[in-house]
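K.L.:
A structural model of the following input is requested.
(2 chains)
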Amino acid sequence: DAKTTQPPSMDCAEGRAANLPCNHSTISGNEYVYWYRQIHSQGPQYIIHGLKNNETNEMASLIITEDRKSSTLILPHATLRDTAVYYCIVRPLSGSARQLTFGSGTQLTVLP
Amino acid sequence: DTGVSQDPRHKITKRGQNVTFRCDPISEHNRLYWYRQTLGQGPEFLTYFQNEAQLEKSRLLSDRFSAERPKGSFSTLEIQRTEQGDSAMYLCASSLRDSPTDTQYFGPGTRLTVL
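P.N.:
Numbers count the residues shown, from 1 in each chain, chains lettered A, B, ... in the order given. Take a look at the predicted model:
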């Protein structure tokens, strides 16, 4: 079972920031937070990951709360091409659980 | 930089037929994963290889499913005696064991339709 909770859907105006929340209240100390997205009929695309510090790359920023029980993925200037299902996943860095456990994700729709 | 590739992209078959899918991981990635995704759901893990060794299999991987990675490079997933319930997107991902976080990168998937 997925260890994260996400809203099923969100809308965002084109050009505005999209803030996607994720709750992972049972996260363990050795688990990372990963974000992937999946555009319709394509394979999931890696976006970003983090352990406890905020992270930023060319695609997005990841803000993790101090208690690590929730996080927010930020797309600073959403475009129509960012319309996709966004998955928040927690995964241990080591150990036998190598697979990613996907939940239902958040359907982000960027509106013109 | 070549990403993960999968072949074919689409496959339509009749119930009872056997099908085989191929996945070519990112060069030098020693871990390879297969997932299955049905309509409206997130991907579900099927199996995982480290080099040529199949280290983990999900209970979703019934006896009709077999996966191989004979030389530790490409992998094949075969489904025997297909059933309509096998209709799904089959996704392959690869990662580098020795990278700091073992991030998985996915291919475009093979969409299987069983008639």
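K.L.:
quick one: neighbours of the closest residue to residue B:8 other than its chain neighbours, just the number.
P.N.:
Among residues not flanking residue B:8 along the chain, residue B:110 sits closest, at 6.0 Å (CB to CB, 6 or more residues apart in numbering or on different chains). (Glycine included, C-beta is placed from N, CA and C.) By other CB atoms under 10 Å in any protein chain shown, 22 other residues sit near residue B:110.
K.L.:
show me where the chain has strands.
P.N.:
Unless you meant another one, I'm taking chain A. A:9-13, A:18-23, A:31-38, A:45-50, A:55-56, A:61-64, A:70-75, A:84-92, A:106-111 (DSSP state E).
K.L.:
my question was about chain B
P.N.:
B:5-7, B:10-13, B:19-24, B:31-37, B:44-50, B:53-57, B:65-68, B:75-79, B:88-95, B:105-106, B:110-114.
K.L.:
the strands of chain A: which one's closest to residue B:9?
P.N.:
strand A:31-38 (15.7 Å; CB to CB).
K.L.:
okay, angle between the closest one and strand B:88-95 too, please.
P.N.:
Counting by axes from the mean of the first three to the mean of the last three CA atoms, to 10 degrees, strand A:31-38 lies at 130 degrees to strand B:88-95.
K.L.:
chain A contacts on chain B?
P.N.:
Within chain B, the positions adjacent to chain A are B:4, B:31, B:33, B:35, B:41-45, B:48, B:55-56, B:58, B:89, B:91, B:93, B:101-109, B:111 by CB under 8 Å from any CB of the partner chain.
K.L.:
apply 10 Å and report the result again.
P.N.:
Within reach of chain A by CB under 10 Å from any CB of the partner chain, chain B has these residues: B:3-4, B:6, B:9, B:31, B:33-35, B:37, B:40-48, B:50, B:55-56, B:58, B:89, B:91-93, B:95, B:97, B:100-109, B:111.
K.L.:
what subset of the residues you listed is buried?
P.N.:
B:4, B:6, B:31, B:33-35, B:37, B:42-48, B:50, B:56, B:58, B:89, B:91-93, B:95, B:102-109, B:111 (16 or more other CB atoms under 10 Å in any protein chain shown).
K.L.:
spell out which parts of chain A neighbour chain B.
P.N.:
Residues of chain A lying near chain B (CB under 10 Å from any CB): A:2, A:32, A:34, A:36, A:38, A:41-46, A:48-51, A:85, A:87, A:89, A:91-94, A:96-105.
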